[in-house]
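# sequence plus predicted model, see below.
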Amino acid sequence: MKLDLLGEHADRAYPILASLITPRPIAWVTTLHENGKVNAAPFSFFNMIGDDPPMLMFCPGNREDGTPKDTARNCRRSGEFVVNLVDAPLCEMMVRTSASHAAEVSETEIEGIETSASSMITTPRISAAPAALECKLHDILEIGGNRMVIGIVHCVHVRDSLYDPIQQRILAHNYQVIGRMASPDWYCTTLDQFEIQRPR
Ligand SMILES: Cc1cc2nc3c(=O)[nH]c(=O)nc-3n(C[C@H](O)[C@H](O)[C@H](O)COP(=O)(O)O)c2cc1C
């Protein structure tokens, strides 16, 4: 099959690409509303984009009525956000926070999700997350109907069992992160990993 995503199949671009470009990591992003309440929502258009400086991006689209999602709005206003990473025990809770609520409503309050103070920014992080990345906003790019939020990672919190302080490495075997698979509702675990050494 040949699919023309800017022509005949343009209205299928999302389900086709989102089901092919898998697994995708999930950013469970916390932001602060001006009323002080914590917003939480998942985004799988997400990745690391560099290490000097340490940078990541995620892409909140618009709601159906054309207005920005709360996360994008809060990032632009406050200039900061936390990317909380998601392992299997947190998966269902993470999905529940994708429900659409009014901007001033806190998903962490509604779902009873415990948060902890961040170290370098005002926005709290999710206490149970295996890792949380405190970010300051670098830029928001708007490309067509897409929006890319780019952040600089200032501080990483990682669960003690996931970090080897001698080697200063993440213990990947203990990190059971989940990924997003075919649109809309499929996920994967990362329990079946293998290693291939690169040529020197
Ligand atoms: C696993 C998962 C991944 C998602 N990824 C995205 C994404 O990359 N971009 C996006 O705009 N919405 C994505 N969504 C939908 C948002 O989470 C949803 O629109 C949410 O209500 C936005 O919340 P907010 O208005 O509080 O920012 C995803 C939902 C789920 C369950």
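On my side now, so go ahead. Numbering: from 1, shown residues only.
# residues from this protein in reach of the ligand?
Residues of the chain found near the ligand (Cβ under 6 Å from any ligand atom) are 26, 39, 41-45, 59-61, 69-71, 95, 98, 100, 180. C-betas here are computed from N, CA, C, even on glycine.
# got the contact list for residue 170?
158, 162, 163, 164 (Cβ atoms under 8 Å, 6 or more residues apart in numbering).
# beta partners of it?
residue 163 (DSSP bridges).
# just to revisit the earlier point, using PyMOL, make a named selection holding only the buried ones among the residues of the chain next to the ligand.
Here is the PyMOL command that selects only those of those that count as buried (16 or more other Cβ atoms under 10 Å):
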select buried, resi 26+39+41+42+43+44+45+59+60+69+70+71+180
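# and the residues of the chain next to the ligand, which of them are in helices?
Using DSSP state H, 70, 71, 95 are the members of the residues of the chain next to the ligand that sit in helices.
# what about residue 132, neighbour count?
26 (other Cβ atoms under 10 Å).
# residue 49 against residue 55, yeah?
Yes. Counting by Cβ atoms under 8 Å, residue 49 does reach residue 55; the two are 5.0 Å apart.
# identify the contacts common to those two.
Common neighbours of residue 49 and residue 55 (Cβ under 8 Å, 6+ apart) are residue 150.
# quick one: which of the two has more around it?
For residue 49 versus residue 55, neighbours defined as other Cβ under 10 Å are more numerous around residue 55 (16 against 11).
# hey, what's the residue nearest in space to the middle of the chain bridged with?
The residue lying closest to the centre of the chain (Cα atoms, centre = their mean) is residue 27, at 1.2 Å. Beta-bridge pairing for residue 27 (DSSP bridges): residue 43.
# ranges for the helices of the chain?
Counting by DSSP H, the helices of the chain are 13-20, 70-78, 91-96, 107-111.
# now the residue lying closest to residue 63 once chain neighbours are set aside, what are its backbone angles?
In this structure, residue 63 finds its nearest non-sequential neighbour in residue 69, 6.1 Å apart by Cβ to Cβ, 6 or more residues apart in numbering. Dihedral pair for residue 69: phi -70, psi 160, per degrees, to the nearest 10.
# show the pLDDT at residue 69.
Looking at residue 69, its pLDDT is 97.
# numbering from 4 from now on, please.
Sure, I'll start counting at 4 from here, so that last one is residue 72.
# thought it was touching residue 61?
No. Between residue 72 and residue 61 there is no contact under Cβ under 8 Å: 11.0 Å.
# buried members of the contacts of residue 173 into ChimeraX, please.
The buried subset of those, as determined by 16+ other Cβ under 10 Å, is captured in ChimeraX by this line:
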select :161,165,166
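# turn the contacts of residue 173 into TSV, including distance to residue 146 and pLDDT.
Listed next are the contacts of residue 173 as TSV, based on distance: Cβ to Cβ, whole Å; pLDDT from 0 to 100:
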residue	distance to residue 146	pLDDT
161	32	98
165	34	97
166	36	97
167	39	98
